[in-house]
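*Asks:* sequence first, predicted coordinates after that:
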Amino acid sequence: MNIAIGCDDAAVKLKEELVNHLVSLGHDYTDYSDAINDESNLYPDIAERTARAVAENKHDRGIIVCGTGIGVSIVANKVPGIRAALCHDVFSAVRARKSNGAQIITMGERVIGVELAKTILEHWLAADDVDPSSQPKVQRIMDIEEKLLNQEGEEYASA
């Protein structure tokens with residue numbers, strides 16, 4: 001699997017550990033943590049870069065880490081087409097994939113330990129696609145997103 005990964009300065013150690021773990025599991029990755037040209041290294045910019053790469057199908061999935069995982073999750077979910085889930089336990093990580101089709105997982109270095117983060121990542125990567133019973137709900141999420149994006153476009157056009 002090809003994975004996008006990003007972190008801010010509050011989660012460098014966790015990101016490095018997760019990268020090593022991805023490699024040991026046989027996955028490829030691209031790190032979106034470092035600023036390119038004039039881009040910022042603030043967590044919103046890192047989360048946006050990473051999420052856009054996943055939304056553009058450059059990667060199968062993405063991992064974004066910061067101090068708590070909260071801020072990067074909020075930002076990633078602003079990128080159209082992305083479903084990012086903050087997960088600090090295995091059950092939530094698996095359900096994020098199977099019930100919600102989350103393409104991105106976020107975690108916080110200040111919240112969980114490295115070994116738990118690796119275990120969460122393993123289970124999330126191993127989780128199959130959306131359960132058939134959850135597919136209508138995921139489709140509804142995508143429909144709502146499309147409706148809201150179209151409404152915004154109409155509002156801007158009439159302004």
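*Replies:* Yep, it's here.
*Asks:* can you pull the contacts of Trp124?
*Replies:* Taking C-beta atoms under 8 Å, 6 or more residues apart in numbering, we find Trp124 in contact with 87, 93-94, 96-97, 102, 105. For the C-beta atoms, the positions are set from N, CA and C on the backbone; glycine is no exception.
*Asks:* which ones among these map onto strands?
*Replies:* Counting by DSSP state E, the part of those found in strands is Ile105.
*Asks:* as TSV, the contacts of Trp124 with neighbour count would be great.
*Replies:* Output for the contacts of Trp124, formatted as TSV (neighbours: other C-beta atoms under 10 Å):
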residue	neighbour count
Cys87	25
Ala93	25
Val94	17
Ala96	23
Arg97	26
Ala102	28
Ile105	28
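*Asks:* dump the helix or strand bottoming out on mean pLDDT in the chain to PDB, restricted to CA.
*Replies:* Lowest by mean pLDDT, DSSP states H and E among the helices and strands of the chain is helix 135-158, with a mean of 81. Extracted C-alpha coordinates of helix 135-158, given in PDB (Å, rounded to 0.1, in the frame of the first residue of the first chain):
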ATOM      1  CA  GLN A 135     -22.200   1.700   2.400                       C
ATOM      2  CA  PRO A 136     -25.500   3.600   2.300                       C
ATOM      3  CA  LYS A 137     -24.300   5.800   5.200                       C
ATOM      4  CA  VAL A 138     -20.900   6.500   3.600                       C
ATOM      5  CA  GLN A 139     -22.700   7.300   0.300                       C
ATOM      6  CA  ARG A 140     -25.000   9.700   2.300                       C
ATOM      7  CA  ILE A 141     -21.900  11.400   3.700                       C
ATOM      8  CA  MET A 142     -20.600  11.900   0.200                       C
ATOM      9  CA  ASP A 143     -24.000  13.200  -1.000                       C
ATOM     10  CA  ILE A 144     -24.200  15.800   1.800                       C
ATOM     11  CA  GLU A 145     -20.600  16.900   1.000                       C
ATOM     12  CA  GLU A 146     -21.500  17.300  -2.700                       C
ATOM     13  CA  LYS A 147     -24.700  19.200  -1.800                       C
ATOM     14  CA  LEU A 148     -22.900  21.600   0.500                       C
ATOM     15  CA  LEU A 149     -20.100  22.200  -2.000                       C
ATOM     16  CA  ASN A 150     -22.600  23.000  -4.700                       C
ATOM     17  CA  GLN A 151     -24.500  25.300  -2.400                       C
ATOM     18  CA  GLU A 152     -21.300  27.200  -1.600                       C
ATOM     19  CA  GLY A 153     -20.600  27.600  -5.300                       C
ATOM     20  CA  GLU A 154     -24.000  28.900  -5.900                       C
ATOM     21  CA  GLU A 155     -23.800  31.400  -3.000                       C
ATOM     22  CA  TYR A 156     -20.400  32.700  -4.300                       C
ATOM     23  CA  ALA A 157     -21.800  33.000  -7.800                       C
ATOM     24  CA  SER A 158     -24.700  35.100  -6.700                       C
END
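*Asks:* right, I'll call it a day here.
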